[in-house]
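Participant: please work out how this folds:
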Amino acid sequence: MKFLLINPPSSIKIYKTGKLKAAVSEMPLISLASLAAVLEQEKVDTQVLDLSTSLDPLKDLSEKLQEFNPEYLGVTFTTPLYNEAKEIANMAKNYNKKIITIAGGVHPSALPRETLEETKFDIVVLGEGEVTLKELIKSKHLKDIKGIGYKDKEEIKINPRRELIKDLDTLPLPAWHLFDLKKYKASKLTTRNQPVGPIETSRGCVYGCTYCNKDIFGRTFRFKSPEKVIKEIEHMLDSGFKEIHIWDDNFSTKLDRAKKICDLIIEKGLNKKFTWVLACGVRCDCIDEEFIRKVKEAGCYSIYLGVETGNPELLKKINKGETLEQIKKAFDLCKKVGIETVAFYMLGLPGETIETMNQTIKFSKELDSDYAKFTITVPFPSTPLFYEWEKQGIIKTKDWSKYNFHSASKVYDHPNLSWDILEKYYHKAYREFYFRPSYLAKRLIKDIKEHRLLTEIYYAFKTFI
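Facilitator: Numbers count the residues shown, from 1 in each chain. Coordinates of the predicted model:
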């Protein structure tokens, strides 16, 4: 049995048209590495084709289909990659109509029926894929497999959702040997060492922010034991990674566990062997000074923190569950300990006005993080925000390729703001944050100390010129 797992071409390139293009780092997908490990555990001949590193994706896909001749082909994709995934399924079926094509990831989990109706995918996996793929390759009747949608002749059938995996320690170590790490290039703006790889230490987020999709991992916090995490880190180092980025929804949800992971990294001397980053947006109300000091001692040099807005009423409206005071305290703690911070902000939230956007820009300058990322809000399918705006009739297109918050096209009419105003304030936010004399002076001193001045000038040119 042969199984080909595919990452679409633009999974990284979608970020390269916005202000963040200079900070984009290529790295292999943890989701494909995890799925591949499960397939190999079942003695399935498995290969990974990461088209995000390809110079000629269609040519490489065609050659791989001929060379490997898979029986199964699985594609994981987010909403902006829908059209590319559709084309991959078309190519696979044109090559061999007997290939069983499977769609997975956040978009097909959110819209399984639409995905099956509009594409040549035979099966959609809803939510976590590890157990589901095991059952699929064991040729159970499709009607008996939880967590899938499928085509039964002319009819689309959606089975009940599968229960979440309770014990993540039972998952095998990710199959990093299936990736050519030399193909991945990381931005020196957001990394210190290469190659960089992602690690998943937990799944699920217990919070209910209205802009966030919970279709894959749900709102239950499930986690790997600190010992399992250390084993995975050692496995990554053995596989050739020099830096690790943690891709959890919120690494510090269970703070004692997060601290224990840091303790074990230090005890085993691993902090001398790799650098790492908390890269997916830690919540400001889920950290304390002891935690910040531990992560720094364990080799972490940067923490990404979700702020979203500088207006307290908007924080409540999006159900963030934090206060501006908690956010300010978190950034102050990081400055006190001496760890780099990256702040995430969203413009165009429900209830947003020109006044609240100015408040967010002002607040970003008060927090004075090392880096700031501003995006225009996008209502992704299956989020409370999408349902709210769809009900109001303000969503104007379901051309999913436009649903990219790093270079969003006009996908909705904001109740208070024109799209021109949103784009104006998107550019204004970057300009006012990064071109402050105090910020430029701080960066100059820091870059000279760290011998990164030329690197920073190069990336500043890429970002703003």
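Participant: for the stretch 351-465 of the chain, which segments count as strands?
Facilitator: 371-376 (DSSP state E, counting those that start in this stretch).
Participant: which residue ranges of it form helices?
Facilitator: 354-367, 384-392, 419-434, 437-449, 453-464 (DSSP state H, counting those that start in this stretch).
Participant: mean pLDDT added to those, as JSON lines?
Facilitator: Listed next are the helices of the stretch 351-465 of the chain as JSON lines, based on pLDDT from 0 to 100:
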{"stretch": "helix 354-367", "mean pLDDT": "98"}
{"stretch": "helix 384-392", "mean pLDDT": "96"}
{"stretch": "helix 419-434", "mean pLDDT": "95"}
{"stretch": "helix 437-449", "mean pLDDT": "89"}
{"stretch": "helix 453-464", "mean pLDDT": "71"}
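Participant: kindly check the end-to-end length of stretch 373-391 for me.
Facilitator: 29 Å (Cα to Cα, to the nearest Å).
Participant: scratch that, stretch 106-125 is what I was asking about
Facilitator: Stretch 106-125: ends 10 Å apart by Cα to Cα.
Participant: quick one: distance of that stretch to the chain centre.
Facilitator: For stretch 106-125, the separation from the chain centroid amounts to 20 Å (computed by Cα atoms, centre = their mean, to the nearest Å).
Participant: for that stretch, could you pull out the residues that count as buried?
Facilitator: 106-112, 114-116, 119-125 (16 or more other Cβ atoms under 10 Å). The way it works is simple: take the backbone N, C-alpha and C, and place the C-beta from them, glycine included.
Participant: ditto for stretch 438-450
Facilitator: 439, 443.
Participant: what sits up against it?
Facilitator: 365, 368, 433-434, 452-453, 455-456 (Cβ atoms under 8 Å, 6 or more residues apart in numbering).
Participant: stretch 62-72 too?
Facilitator: 1-4, 47, 49, 91-92, 95-96, 98-100, 102, 136-137.
Participant: same thing but 6 Å
Facilitator: By Cβ atoms under 6 Å, 6 or more residues apart in numbering, the surrounding residues in contact with stretch 62-72 are 1-4, 47, 49, 95, 100.
Participant: flag the shaky bits of the protein, pLDDT-wise.
Facilitator: Screening the chain residue by residue with the criterion pLDDT under 70, one finds the ranges 12-22, 406-408, 458-459, 461-465.
Participant: farthest-apart pair in the contacts of stretch 438-450, please.
Facilitator: Greatest spacing in those, by Cβ to Cβ: K365 and T455 (23.9 Å).
Participant: looking at the helices of the stretch 351-465 of the chain, which is closest to D169?
Facilitator: So among these, helix 384-392 is nearest, using Cβ to Cβ, at 31.9 Å.
Participant: tell me which other helices or strands that closest one touches.
Facilitator: Helices and strands touching helix 384-392, by 3 or more Cβ pairs under 6 Å, 6 or more residues apart in numbering; DSSP states H and E: there are none.
Participant: what residues of that helix count as buried?
Facilitator: 384-386, 389.
Participant: among the contacts of stretch 62-72, which are in strands?
Facilitator: 2-4, 47, 49, 100 (DSSP state E).
Participant: show me what contacts D60?
Facilitator: S54.
Participant: in what helix or strand does it lie?
Facilitator: helix 57-68 (DSSP states H and E).
Participant: run the chain-centre distance for that helix.
Facilitator: 26 Å.
Participant: quick one: neighbours of R219, just the number.
Facilitator: Around R219 there are 12 other residues, counting by other Cβ atoms under 10 Å.
Participant: ok, which stretches of the stretch 101-250 of the chain are helices?
Facilitator: 106-110, 112-118, 130-137, 226-239.
Participant: what sits up against the first one?
Facilitator: By Cβ under 6 Å, 6+ apart, the list of residues contacting helix 106-110 from outside reads 77-79, 82, 115, 124, 126-127, 213, 215-216, 381-382.
Participant: name the nearest of those relative to V38.
Facilitator: G127 (14.5 Å).
Participant: what residues are up against H235?
Facilitator: L173.
Participant: on that earlier part again, closest one of the contacts of stretch 62-72 to P160?
Facilitator: Closest to P160, out of all of those and judged by Cβ to Cβ, is I100, at 21.2 Å.
Participant: any idea what the closest one is bridged to?
Facilitator: Y72 (DSSP bridges).
Participant: the one 4 residues further on too?
Facilitator: Using DSSP bridges, the bridge partners assigned to G104 are T76.
Participant: how many residues are close by it?
Facilitator: Counted with other Cβ under 10 Å, G104 comes out at 28.
Participant: that one contacts V125, correct?
Facilitator: Yes - with contact defined as Cβ atoms under 6 Å, G104 reaches V125; the gap is 4.1 Å.
Participant: and this protein, what are its domains?
Facilitator: Per automatic domain parsing, the structural domains of the chain span 2-158, 186-434.
Participant: now for those domains, which one comes closest to L178?
Facilitator: domain 2-158 (4.5 Å).
Participant: what's the spacing between that closest one and its chain's center?
Facilitator: For domain 2-158, the distance to the chain centre is 17 Å (Cα atoms, centre = their mean).
Participant: same question, stretch 443-450
Facilitator: The answer for stretch 443-450 is 30 Å, by Cα atoms, centre = their mean.
Participant: just stretch 209-223 next, same as before
Facilitator: With Cα atoms, centre = their mean, you get 13 Å for stretch 209-223.
Participant: list the buried residues of it.
Facilitator: In stretch 209-223, counting by 16+ other Cβ under 10 Å, buried: 209-218, 221, 223.
Participant: quote the end-to-end distance of it.
Facilitator: Stretch 209-223: ends 20 Å apart by Cα to Cα.
Participant: what of stretch 360-376?
Facilitator: First-to-last residue span, stretch 360-376, Cα to Cα: 13 Å.
Participant: neighbours around L333, how many?
Facilitator: 20.
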